[in-house]
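Undergrad: pasting the sequence and the predicted coordinates here, then a few questions.
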Amino acid sequence: MSTATLTIDLDAIVANWRALDAMNTSETAAVVKADAYGLGAARVAPTLARAGARHFFVAIAEEGAPLREMLGAAPAIYVFSGHMPGDAEMLRAHKLIPMINSLDQMIRHAEALPGHPFGIQLDSGMNRLGMEPAEWAALRQIALAQNPTLIMSHLACADEPDHAMNPQQLATFREMTDGLDVPRSFANTGGILLDAAYHFDLARPGIGVYGGRPFDAAHPVVTLDIPVIQCRDLLPGETVGYANSFTATRPTRIATVAAGYADGILRAMGPKTSLWADDTPCPIAGRISMDLICVDITDLGQDPASLQLLGPHQTIDTLADNAGTIGYEILTSLGARYTRRYIGG
């Protein structure tokens, strides 16, 4: 087979969730949006439910509907995008809880689904989703009369513990919600790690569950092994790949492996990234192309059957640093062509 194998360790996901739960002074939910950050909600979400998660968050109602079928009736499933036009039947049929973001959404929800549970999302300074303080002040009494099940906001800089935005947002969120008899949710992964003051009633870890920063103690969750299709010898001065971007400076052995940017291996990571054969790094030679990557295996001294991009020597955050991005993008970019192998759980 020329298909790369993405191995997903469900036990590591559970261990990460439990570790964050142990640090959290409140209840701990699980964020499984974007197909559990690209790792497969159908396997990840039930595993987390068995581990004890009772609250789940998705981005849109269309993610929540299949999640309800997977998890059954008991867990709460919240929808970050709120109640969008056309969502009513899906929210009702699958008992999804929209996090209302605006007056328009509040009116839509009250008219389409009177009595159906909902939450409120407030903007404490991130300026992305949620009601700003003035809008919340105008709508607050009307919203509270409808008995929301949760009030939340989102931290913009929680991965930077000393950033002034964190206490600023905390103060704003408290000003908007103190004294209300409604459960509150504020902490993402970074918020759990900041301080108990950010934990409130329900924390919502995402990337830390899947092995990424800022949870530096997280267990790695994924490995990616890519088969070698062909090996060849180069003389000094010969080139590799598009635009002749690699030139051999010595007799060189090149392995071509079966993956590329169509599989979520970002082109920008190429110049700084190696693939690994056991404990030996083998640098990428030339540009990453759509389906193929050339790798310098000269120092390996043998032709491997496969090379590893993600594993004990190289994490999602290593690749993110090499590409000038974040681990979230690395995970959620992992392509559909991989053979996915789940272990544990």
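TA: Nice, I can see it. Residues are numbered from 1 along each chain as shown.

Undergrad: whatever helix or strand Asp104 lives in packs against which elements?
TA: Applying DSSP states H and E as the criterion places Asp104 in helix 103-112. With contacts defined as 3 or more CB pairs under 8 Å, 6 or more residues apart in numbering; DSSP states H and E, the packing partners of helix 103-112 are strand 97-100, helix 133-145. To be clear about C-beta, it is placed using only N, CA and C from the backbone, and glycine gets the same treatment.

Undergrad: pLDDT on the first one, on average?
TA: Read that as strand 97-100. Taken as a whole, strand 97-100 has an average pLDDT of 98.

Undergrad: now it: buried residues?
TA: Ile97, Pro98, Met99, Ile100 (16 or more other CB atoms under 10 Å).

Undergrad: re earlier: I'd like the next helix or strand past the helix holding Asp104.
TA: Assigned by DSSP H and E, the successor of helix 103-112 is strand 119-121.

Undergrad: just list what that next one packs against, helices and strands only.
TA: Checking 3+ CB pairs under 8 Å, 6+ apart, strand 119-121 ends up next to strand 97-100, strand 150-152.

Undergrad: quick check: the spatially most central residue of the chain vs Ala171, distance?
TA: Nearest to the centroid of the C-alpha atoms of the chain, with distances taken as CA atoms, centre = their mean, sits Tyr37, at 3.7 Å. According to CB to CB, to the nearest Å, Tyr37 stands 30 Å off from Ala171.

Undergrad: kindly report the same for Gly86.
TA: 37 Å.

Undergrad: so between the two, which is more surrounded?
TA: Ala171 (12 against 9; other CB atoms under 10 Å).

Undergrad: give the next helix or strand downstream of the one helix or strand the more buried one maps to.
TA: Here Ala171 is covered by helix 165-177, with elements defined by DSSP H and E. As assigned by DSSP H and E, the chain's next helix or strand after helix 165-177 is strand 184-185.

Undergrad: sec struct for Gln253, please.
TA: In this structure residue 253 is Arg, not Gln. Under DSSP: H, G, I helix; E, B strand; the rest coil, Arg253 falls in the strand class.

Undergrad: what sits against it?
TA: Arg253 is in contact with Cys231, Arg232, Asp233, Leu234, Asp296, Ile297, Thr298, Leu300, Asp303, counting by CB atoms under 8 Å, 6 or more residues apart in numbering.

Undergrad: give me that answer again for 10 Å
TA: Neighbouring residues of Arg253 by CB atoms under 10 Å, 6 or more residues apart in numbering: 231-234, 282, 295-303.

Undergrad: can you lay out these as a markdown table showing secondary structure?
TA: Shown next, in a markdown table, are the contacts of Arg253 (three-state DSSP):
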| residue | secondary structure |
| --- | --- |
| Cys231 | strand |
| Arg232 | strand |
| Asp233 | strand |
| Leu234 | strand |
| Cys282 | strand |
| Val295 | strand |
| Asp296 | strand |
| Ile297 | coil |
| Thr298 | helix |
| Asp299 | helix |
| Leu300 | helix |
| Gly301 | coil |
| Gln302 | coil |
| Asp303 | coil |
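
Undergrad: of these, which is the most crowded?
TA: So for the contacts of Arg253 (other CB under 10 Å), the most neighbours sit at Val295, 29 neighbours.

Undergrad: and that one, what are its bridge partners?
TA: Judged by DSSP bridges, the bridge partners of Val295 are Ala255, Ile284.

Undergrad: measure it to Leu266 for me?
TA: 16 Å.

Undergrad: number of residues surrounding Asn127?
TA: 9.

Undergrad: ignore the last one, Arg128
TA: 10.

Undergrad: SS state for it?
TA: Applying three-state DSSP: Arg128 is coil.

Undergrad: quick one: residues contacting the residue nearest to it when sequence neighbours are not counted.
TA: What sits nearest to Arg128 in space, not counting adjacent residues and going by CB to CB, 6 or more residues apart in numbering, is His154, at 7.1 Å. His154 makes contact with 80, 121-126, 128-130, 169, 173, 185-188, 191, 204, according to CB under 10 Å, 6+ apart.

Undergrad: Gln230 against Asp303, yeah?
TA: Yes - with contacts counted by CB atoms under 10 Å, Gln230 reaches Asp303, the gap being 9.4 Å.

Undergrad: now do the shared contacts for the two.
TA: Ala255.

Undergrad: closest to Val240 among the buried residues of strand 97-100?
TA: Minimum distance to Val240 across the buried residues of strand 97-100 is 49.5 Å, recorded for Met99 (CB to CB).

Undergrad: put the alpha carbons of stretch 275-295 into PDB.
TA: The C-alpha atoms that make up stretch 275-295 are tabulated as PDB, following Å, rounded to 0.1, in the frame of the first residue of the first chain:
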ATOM      1  CA  LEU A 275      11.200  12.600   8.600                       C
ATOM      2  CA  TRP A 276      12.500   9.900  11.000                       C
ATOM      3  CA  ALA A 277      13.700   6.400  10.600                       C
ATOM      4  CA  ASP A 278      13.800   5.100  14.200                       C
ATOM      5  CA  ASP A 279      16.200   7.600  15.800                       C
ATOM      6  CA  THR A 280      17.700   9.000  12.700                       C
ATOM      7  CA  PRO A 281      16.400  12.300  11.200                       C
ATOM      8  CA  CYS A 282      16.200  12.400   7.400                       C
ATOM      9  CA  PRO A 283      15.700  16.000   6.100                       C
ATOM     10  CA  ILE A 284      13.100  16.900   3.400                       C
ATOM     11  CA  ALA A 285      14.900  17.500   0.100                       C
ATOM     12  CA  GLY A 286      13.200  20.100  -2.100                       C
ATOM     13  CA  ARG A 287       9.600  21.300  -2.000                       C
ATOM     14  CA  ILE A 288       6.700  19.300  -0.600                       C
ATOM     15  CA  SER A 289       4.400  18.600  -3.500                       C
ATOM     16  CA  MET A 290       0.800  17.500  -3.700                       C
ATOM     17  CA  ASP A 291       1.200  13.800  -3.200                       C
ATOM     18  CA  LEU A 292       5.000  13.300  -2.800                       C
ATOM     19  CA  ILE A 293       7.900  14.300  -0.600                       C
ATOM     20  CA  CYS A 294      11.500  13.700  -1.300                       C
ATOM     21  CA  VAL A 295      13.700  12.900   1.700                       C
END
